[in-house]
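**Student:** give me the fold of what follows.
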Amino acid sequence: MIFHNVYKKSRVLVTGHTGFKGSWLAIWLKELGAEVVGYALEPPSDPSNFTASGLADRIAHVHGDVRNLDQLMDAFTRYQPEMVFHLAAQALVRSSYEDPKTTFDTNIGGAVNVMEAVRRTDSVRVLVNVTSDKCYENREWVWGYRENDPMGGHDPYSASKGCAELVFASYLRSFFNNSASGGRKIGAASCRAGNAIGGGDWGRDRLLPDCVRALSMGKSIAIRNPHAIRPWQHVLELLSGYLWLGACLWEEPEKYCGGWNFGPDNTADLTVSEVVTRFVQAWGAGEWQDLSEAGAVHEAATLRLCCDKAASYLGWRNALAMEQTIEMTAEWYKMFYRGAAQEAVYSFCAKQIGEYMKTAREKGVRWAQR
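**Tutor:** Just a heads-up that it's a prediction; the model follows:
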């Protein structure tokens with residue numbers, strides 16, 4: 001059974017469900033038969049996958065801020081979730097330079113509040129905390145960072161994610177284990193993943209959304225960092241890791257606690273310019289130009305993850321080739337810009353999820369086996 005059928009009729013709370021990754025996760029959980037509760041602020045962009053798919057009418061949608069513990073506790077008390085996926089965050093490096101306080105308050109303080117809500121809510125059996133590959137102290141190495149490498153961060157965003165990992169580690173050791181939490185079995189893990197691409201992302205200062213905005217208006221794509229290397233993967237790839245880890249934590253909470261990396265193999269380590277060129281080809285028209293700035297704010301040039309732990313202990317790996325990832329992404333946006341209604345957008349998301357699960361099953365990925 002896919003994900004061991006753990007999510008069917010489970011009560012699952014997702015923070016940040018109005019964002020790009022969170023909205024796809026909420027749709028996938030809904031398709032798996034879960035009772036989904038979303039807790040988040042308004043979508044971070046307009047348009048958004050959350051609004052385009054009409055997700056607010058399909059799940060329990062709670063408008064709330066993770067920085068407000070009382071408000072968060074009200075949602076936990078009302079819905080009594082059994083599983084929690086924490087994705088709410090200020091997710092942009094450049095925004096963290098513009099407003100570092102909000103970044104730290106949201107990404108660190110919000111993490112504290114979610115951990116505290118989990119600690120105080122007896123119904124919760126699983127917590128999947130999501131940070132970023134940028135949580136690691138980046139040495140610009142050519143090899144991937146492992147789960148036991150030091151946390152760090154040059155920019156405020158990266159530092160906030162490193163701090164959020166320390167918060168999680170403290171709660172894990174102090175409260176989320178059998179002995180320290182009064183006999184409760186809480187399976188708690190923290191996930192780090194690289195750049196995710198896919199339909200429905202219009203985030204500011206993100207590569208594919210910048211491409212789509214330009215191409216949809218017939219403009220040239222402006223690229224500020226064409227030589228940067230990132231571990232690209234479709235959003236469903238990393239979400240499959242989160243969901244599979246959550247299922248394993250449900251069944252064996254102590255065995256799978258801790259930090260986990262979810263990233264592609266080296267065939268997906270492409271430069272920004274290579275990804276843009278392939279996306280333009282999939283779109284069918286367009287061009288891009290290099291607008292690198294000599295005095296631009298610092299962003300990592302090379303960042304890779306070592307995912308041996310997930311491969312060895314979870315049997316997890318990516319199922320899509322890079323060409324498939326880019327084609328799926330382009331097809332989603334072309335569908336949207338043809339003027340698809342909410343029902344059609346949701347159905348297209350569900351269709352891509354179904355096709356992805358079929359591909360993963362055919363390739364023998366463990367979580368997808370029936």
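**Student:** any stretches of the chain with poor pLDDT?
**Tutor:** Residues of the chain meeting the criterion pLDDT under 70: 178-183, 267-268, 293-302.
**Student:** which residues in it form helices?
**Tutor:** Listed in chain order, the helices found in the chain under DSSP state H are 20-31, 49-52, 69-79, 93-98, 100-104, 110-120, 156-174, 207-216, 235-251, 272-283, 308-309, 322-337, 342-362.
**Student:** list just the one of the ones you listed that sits closest to Cys257.
**Tutor:** Proximity of the helices of the chain to Cys257 was assessed by CB to CB; the nearest stretch is helix 156-174, lying at 6.1 Å. For every residue, glycine as well, the C-beta is placed using N, CA and C.
**Student:** now that closest one against helix 110-120, angle please.
**Tutor:** Angular relation of helix 156-174 and helix 110-120 on a 0 to 180 degree scale: 20 degrees, by axes from the mean of the first three to the mean of the last three CA atoms, to 10 degrees.
**Student:** which residues sit against helix 156-174?
**Tutor:** Contacts made with helix 156-174 from outside it, assessed by CB atoms under 8 Å, 6 or more residues apart in numbering, are listed as 89-93, 95-97, 100, 103-104, 106-108, 111-112, 115, 118-119, 129, 131-132, 134-138, 151-153, 180, 188, 190, 192, 257-259, 300.
**Student:** could you do stretch 21-33 as well?
**Tutor:** Contact with stretch 21-33 is made by 2-3, 7-9, 12, 14-17, 36, 38, 40, 48-50, 53, 55, 58-59, 85, 87-88, 130, 196, 198, 200, 235-236, 238-239, 242-243, 346, 349-350, 353-354, as judged by CB under 8 Å, 6+ apart.
**Student:** if we go to 7 Å?
**Tutor:** Stretch 21-33 is contacted from outside by 3, 7-9, 12, 14, 16-17, 36, 38, 40, 49-50, 53, 55, 58-59, 85, 87, 196, 198, 200, 235-236, 239, 242-243, 346, 349-350, 353, using CB atoms under 7 Å, 6 or more residues apart in numbering.
**Student:** which among those count as buried?
**Tutor:** Burial by neighbour count, judged by 16 or more other CB atoms under 10 Å, picks out 3, 7, 12, 14, 16-17, 36, 38, 40, 49-50, 53, 55, 59, 85, 87, 196, 198, 200, 235-236, 239, 242-243, 346, 349, 353 from those.
**Student:** surely Ala282 meets Glu327?
**Tutor:** Yes - counting by CB atoms under 7 Å, Ala282 does reach Glu327; the two are 5.3 Å apart.
**Student:** roughly how far does the residue nearest to Val14 when sequence neighbours are not counted sit from Leu55?
**Tutor:** Closest residue in space to Val14, ignoring its immediate chain neighbours: Phe85 at 4.8 Å, by CB to CB, 6 or more residues apart in numbering. As for Phe85, its distance to Leu55 is 15 Å (criterion: CB to CB, to the nearest Å).
**Student:** likewise Pro47?
**Tutor:** Distance from Pro47 to Leu55, counting by CB to CB: 13 Å.
**Student:** tally up the residues packed near Gly152, please.
**Tutor:** The number of residues packed near Gly152 is 17, by other CB atoms under 10 Å.
**Student:** for Val84, list each beta-bridge partner.
**Tutor:** Assessed by DSSP bridges, Val84 has beta-bridge partners Leu13, Leu127.
**Student:** stretch 193-207: end-to-end distance?
**Tutor:** Start and end residues of stretch 193-207 are separated by 16 Å (CA to CA, to the nearest Å).
**Student:** what does it rub up against?
**Tutor:** Stretch 193-207 is touched from outside by 20-21, 23-24, 44-45, 47-49, 52, 92, 94, 133, 208-209, 230-236, 238, 262-263, 272, 275-276, 303, 305, 325, 328-329, 332-333, with contacts defined as CB under 7 Å, 6+ apart.
**Student:** show the buried residues in the residues you listed.
**Tutor:** The neighbour-count test (16+ other CB under 10 Å) marks 20-21, 23-24, 44-45, 48-49, 52, 92, 133, 208-209, 230-236, 238, 262-263, 272, 275-276, 303, 305, 325, 328-329, 332-333 as buried among the contacts of stretch 193-207.
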